[in-house]
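Q: Compute the structure for the input listed below.
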Amino acid sequence: MWKKIVVIGPESTGKSSLCEQLADHYQTLWCPEYARTFLQKNGLTYNYDDLLQIAKGQLALEDQHARQLTEQPAAHPYLFIDTDMLVMKVWCEFVFGKCHPFILDQIVTRQYDLYLLCNTDIPWAPDPMREYPDLETRERLFQMYKDILVNQSTPWIIVSGERENRLLEAEAAIKKYLS
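A: I've put the predicted structure just below:
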C-alpha cells in the first residue's frame, strides 16, 4: 500500500518545490495546492465560504492523484501532497478567526503517514498569490502549524535550510518513519 506524505507550512517556504523534488526522486506523483488554481480562476479576493470551496477542491485533487497512483503504480509507494486540511484550518482561523466544520471533520477522518513542516528560513519569494511577506507573520503561522502537529499522532519533522538540505531531511524522515 502506498503512503501519503503531506508538506505544510506558511507561504513561500518551498512546499511545492519540495513536493516536486520528492516526486522526481522517488519516481511517483505529487498533488499540487488547489488554492492557486481557484484564485487564478476567481481572483485574489476571497471570503470565508471560498475557503470551504478551496478545501473541497483540494480534497478532490488529492483523491484524483490517489486514484491515479492506484491505477498506475509508481516506482515507490508514495504520494506527496502540497497542502491538506491542517493548512486550510490555519488559513481559516488566521484570516477569519473560525474554521468550517467540514474542514475539521476532514482532519479527523483523513489519514496521512508523515508530515513535513517547511521552516521559514528561506527568503520570501514575491508572488501575486501570496499575502504575508513579513517574517514576523510567517513565523507566527509556522508556530500555528507546529502547534497542530505536536497535538496529533502522525509522525512529522521540520525541514530547514536550502533546497538540497530540505530534500535530504525529507528523505531521512521517509526512511525513518515509512521504510
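Q: CA-only coordinates of the lengthiest helix in the chain in PDB, if you can.
A: Across the chain, the longest stretch assigned as helix under DSSP state H is helix 48-71. Only the C-alpha atoms of helix 48-71 are listed here, as PDB (Å, rounded to 0.1, in the frame of the first residue of the first chain):
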ATOM      1  CA  TYR A  48     -14.800  32.600   4.300                       C
ATOM      2  CA  ASP A  49     -17.100  30.500   2.100                       C
ATOM      3  CA  ASP A  50     -14.500  30.400  -0.700                       C
ATOM      4  CA  LEU A  51     -12.100  28.700   1.700                       C
ATOM      5  CA  LEU A  52     -14.600  25.900   2.000                       C
ATOM      6  CA  GLN A  53     -14.700  25.500  -1.700                       C
ATOM      7  CA  ILE A  54     -10.900  25.500  -1.900                       C
ATOM      8  CA  ALA A  55     -10.800  22.800   0.800                       C
ATOM      9  CA  LYS A  56     -13.200  20.700  -1.200                       C
ATOM     10  CA  GLY A  57     -11.200  21.300  -4.300                       C
ATOM     11  CA  GLN A  58      -8.000  20.300  -2.500                       C
ATOM     12  CA  LEU A  59      -9.600  17.000  -1.300                       C
ATOM     13  CA  ALA A  60     -10.900  16.200  -4.800                       C
ATOM     14  CA  LEU A  61      -7.500  16.800  -6.300                       C
ATOM     15  CA  GLU A  62      -5.800  14.700  -3.700                       C
ATOM     16  CA  ASP A  63      -8.300  11.900  -4.300                       C
ATOM     17  CA  GLN A  64      -7.800  12.200  -8.100                       C
ATOM     18  CA  HIS A  65      -4.000  11.700  -7.600                       C
ATOM     19  CA  ALA A  66      -4.500   8.800  -5.200                       C
ATOM     20  CA  ARG A  67      -6.700   7.100  -7.800                       C
ATOM     21  CA  GLN A  68      -4.100   7.700 -10.500                       C
ATOM     22  CA  LEU A  69      -1.400   6.200  -8.300                       C
ATOM     23  CA  THR A  70      -3.600   3.200  -7.600                       C
ATOM     24  CA  GLU A  71      -4.300   2.700 -11.300                       C
END
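Q: in it, what counts as buried?
A: 51, 52, 54, 55, 56, 58, 59, 61, 62, 65, 66, 69 (16 or more other C-beta atoms under 10 Å). Glycine gets a C-beta too; all of them are placed from N, C-alpha and C.
Q: Grab the nearest non-local neighbour of the residue nearest in space to the middle of the chain.
A: For the chain, residue 83 is the residue whose C-alpha lies nearest the centre (C-alpha atoms, centre = their mean; 2.3 Å). Distances taken as C-beta to C-beta, 6 or more residues apart in numbering place residue 33 nearest to residue 83, at 4.3 Å, with adjacent residues excluded.
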